[in-house]
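Visitor: pasted the sequence and its predicted model underneath.
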Amino acid sequence: MDLNGFMADVEARSPGEPEFHQAVREFAEKVLPIANADARYADARVLERMVEPDRVIMFRVVWESDAGEIQVNRGYRVQFNNAIGPYKGGLRFDPSVNLSILKFLGFEQTFKNSLTTLPMGGAKGGSDFDPKGRSDEEVMRFCQSFMTGLYRYIGKDVDVPAGDIGVGAREVGYLFGQFKRIQNEWSGTLTGKGVSFGGSPLRTEATGYGCVYFAREILARVDGGLEGRTCVISGSGNVAQYTAEKLVELGARVVTLSDRQGFVHDPEGVTLEKVRWVEELKTSRHGTLEEYPRIWGGTFHAGAAPWSVPCDVAFPCATQNELDADDARRLLANGCRLVCEGANMPVTYEASKVLEAARVAHAPGKAANAGGVAISGLEMSQNAMRMSWTREEVDQRLRRIMRQIHEHCVEQGYVDDGWVDYVRGANVAGFLKVAEAMLALGIV
Ligand code: NDP
Ligand code: 2IT
């Protein structure tokens, strides 16, 4: 089976899904040599089965705005693969949400979850609902209606949703409240819950912290630590905030953050106090970073991304395809030595080829941002045991998991002493675990 033939089939079966095609191509390119070399995989058509979701659920979500107007949105859950554990993955509320985006996210989630070493399958869901500018009451009514459409398809041993873009602690609280009300059941069916009602310590911080731990492992292998490194971050939501916080704690210099309006350049460096302010701005006031320079100095660049700012390490932490080939060339020209993905598929296919050709370390999201879902997995364990671990215990487990993911990536992605292909490492390691489970489970 060759890549072009395989991709032609995938594209013909799922027309008009460019993000899904991109995610499958990036994966298949690295994995096909392994899948072709082992007759067990080829004969059982493991790769062809992996790119077909187990099922896709779509439903109407109707709710009433504060003004009394009836609103119609669409809800989705893509249950991609449950070979190694119950379906697991976040929910995204954003006007851009469509089937292509959720299929790419569910597909990648399957391999990310397998890399964590915890027993979780892959899924993703969400809605084209835009929480921006909506009151708390509107968000609550939307979440309740969304859950009324979703509840029959999920459960602690079936499918466990969590947050993603536009879905944070507030939304998970409303979703969990409605699930509990309808099912008359308190169970760990959602993760990312508040710590007061069964959430795990450190789940909020886990994706960002884990991403920084992963970057630290990479740098430790080649040329020292994070201390003193200049870091450029995109986004200013959950992942970006805690990536920035951990970097500052470890002595790195964070000089940018961004949102949909543009990016802020703070040459003096973001401090913990500034990160707290950004957190409050984004989670309580739902404001924009345009306010930042008035209070903290630096400059705001409307409508632009931060990749032209010179750095040692770039952390794209906003959304898919936010860093293109020109951006990658700019980063390289300015001496960037590592691109570490906090977001899912933030680097375009062409940009990832630019990084590969330059043999620059490129940590793909399915490895680098796996800390979030890993702590979701630990939240499921704690809920099942009816107990909770301390912040320190969870942090230790997070560090260990990120270190193990790094080891597996090096094992499968080692090229020579000068370069590890982390994209290959993560994809091949993820593939092998899911493929072995699928073979063992027979033709299903
Ligand atoms: P949030 O909603 O908390 O934050 C998203 C941030 O990205 C915001 O600053 C937002 O800007 C910005 N953003 C979103 N869309 C765009 C866009 N089209 N153009 C420019 N900026 C944009 O989401 P998260 O931080 O949770 O998620 C960020 C990324 O990390 C996503 O790719 C997600 O899939 C991934 N991820 C999240 C995990 C988690 O645990 N939350 C785990 C693993 C990966 P604004 O502030 O203006 O809205
Ligand atoms: O992309 C992701 O890994 C997430 N949004 C987190 C999923 C989860 O179940 O915690």
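Guide: That came in fine, so what should we check first? Numbers count the residues shown, from 1 in each chain. Ligands and ions are numbered 1, 2, ... in the order given.
Visitor: skipping adjacent residues, who's closest to G188 in space?
Guide: The shortest distance from G188 to any residue that is not its chain neighbour, by C-beta to C-beta, 6 or more residues apart in numbering, is 2.9 Å, and that residue is N383. C-beta coordinates here come from the backbone N, C-alpha and C atoms, glycine included.
Visitor: my bad, R13
Guide: By the measure of C-beta to C-beta, 6+ apart, the closest residue to R13 outside its immediate chain neighbours is E52, 7.9 Å from it.
Visitor: burial of that neighbour, as a residue count?
Guide: As a burial measure, the neighbour count of E52 was computed by other C-beta atoms under 10 Å and equals 13.
Visitor: where's it, which helix or strand?
Guide: With elements taken from DSSP states H and E, nothing contains E52; it lies in neither a helix nor a strand.
Visitor: report the buried residues of the helix or strand hosting the residue nearest to G188.
Guide: Per DSSP H and E: N383 is located in helix 370-385. Residues of helix 370-385 classed as buried: 370-380, 382-383 (neighbour count, 16 or more other C-beta atoms under 10 Å).
Visitor: report the contact partners of N427.
Guide: By C-beta atoms under 8 Å, 6 or more residues apart in numbering, the residues touching N427 are E26, F27, K30, V31, F111, P364, K366.
Visitor: typed the wrong thing, it's G16
Guide: Under the contact definition (C-beta under 8 Å, 6+ apart), the residues listed for G16 are S100.
Visitor: who does the one helix or strand S352 maps to touch, helix- and strand-wise?
Guide: Assigned by DSSP H and E, S352 belongs to helix 349-357. Using 3 or more C-beta pairs under 8 Å, 6 or more residues apart in numbering; DSSP states H and E as the contact criterion, the secondary-structure elements in contact with helix 349-357 are helix 18-37, helix 325-333, strand 361-363.
Visitor: mind saving the C-alpha coords of it as PDB?
Guide: What follows is helix 349-357, C-alpha atoms only, in PDB (Å, rounded to 0.1, in the frame of the first residue of the first chain):
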ATOM      1  CA  TYR A 349       1.600  20.100   6.800                       C
ATOM      2  CA  GLU A 350       4.000  22.300   4.800                       C
ATOM      3  CA  ALA A 351       5.400  23.900   7.900                       C
ATOM      4  CA  SER A 352       6.100  20.500   9.400                       C
ATOM      5  CA  LYS A 353       8.100  19.600   6.300                       C
ATOM      6  CA  VAL A 354      10.100  22.800   6.700                       C
ATOM      7  CA  LEU A 355      11.000  21.800  10.300                       C
ATOM      8  CA  GLU A 356      11.800  18.300   9.300                       C
ATOM      9  CA  ALA A 357      14.100  19.400   6.400                       C
END
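Visitor: average pLDDT for that helix?
Guide: Helix 349-357 shows a mean pLDDT of 98 in the predicted model.
Visitor: show me the contacts for whatever residue of the stretch 101-250 of the chain ends up closest to ligand 1.
Guide: Closest to ligand 1 within the stretch 101-250 of the chain is G237: 1.7 Å, counting by C-beta to the nearest ligand atom. By C-beta under 8 Å, 6+ apart, the contact set of G237 is I165, G168, K282, C317, A318.
Visitor: pLDDT weak spots in the stretch 51-200 of the chain?
Guide: Using pLDDT under 70 as the threshold, the predicted model of the stretch 51-200 of the chain has no low-confidence range.
Visitor: residue nearest the centroid of this protein?
Guide: The C-alpha lying nearest the average C-alpha coordinate of the chain belongs to N344 (C-alpha atoms, centre = their mean; 4.5 Å).
Visitor: check the spacing between the residue nearest to that one when sequence neighbours are not counted and K132 real quick.
Guide: Once flanking residues are discounted, N344 sits nearest to G365: 4.5 Å by C-beta to C-beta, 6+ apart. Distance of G365 to K132, given as C-beta to C-beta, to the nearest Å: 24 Å.
Visitor: between those two, point out the one with more neighbours.
Guide: Set side by side, G365 and K132 show unequal neighbour counts under other C-beta under 10 Å, the larger going to G365 at 26 against 11.
Visitor: wait, doesn't the more buried one sit right on G342?
Guide: Yes. With contact taken as C-beta atoms under 8 Å, G365 and G342 are classed as touching, separated by 7.3 Å.
Visitor: what's in contact with stretch 255-267?
Guide: Contacting residues not belonging to stretch 255-267 are listed as 230-236, 240, 244, 254, 269-270, 274, 278, 282, 288-290, 292-293, 296-306, 309, 311, 318 [C-beta under 8 Å, 6+ apart].
Visitor: show me what the lengthiest strand in the chain is packed up against.
Guide: Taking residue count as the measure and DSSP state E as the definition, the longest strand of the chain comes out as strand 70-81. In this structure, strand 70-81 packs against strand 55-64, strand 87-93, helix 99-115, strand 122-127, helix 136-150, strand 159-162, with contacts taken as 3+ C-beta pairs under 8 Å, 6+ apart.
Visitor: what helices and strands are in contact with the second one?
Guide: It stands for strand 87-93. Helices and strands touching strand 87-93, as assessed by 3+ C-beta pairs under 8 Å, 6+ apart, comprise strand 70-81, helix 99-115, strand 122-127, strand 159-162, helix 169-183, helix 370-385.
Visitor: ok, and what's touching the fifth one?
Guide: Counting by C-beta under 8 Å, 6+ apart, helix 169-183 makes contact with 91, 93, 131, 136, 139-140, 143-144, 146-148, 151, 154, 161-163, 185-186, 189-194, 197, 204, 283, all of which sit outside it.
Visitor: can I have the buried ones of those as a PyMOL selection?
Guide: The PyMOL selection below is limited to those of those classed as buried (16+ other C-beta under 10 Å):
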select buried, resi 91+93+131+139+140+143+144+146+147+148+151+154+161+162+163+189+190+191+192+193+204
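Visitor: about what we covered before: what about the next helix or strand after the helix holding N383, average pLDDT?
Guide: Note on helix 370-385: by DSSP H and E, the next helix or strand toward the C-terminus is helix 391-413. Taken as a whole, helix 391-413 has a mean pLDDT of 98.
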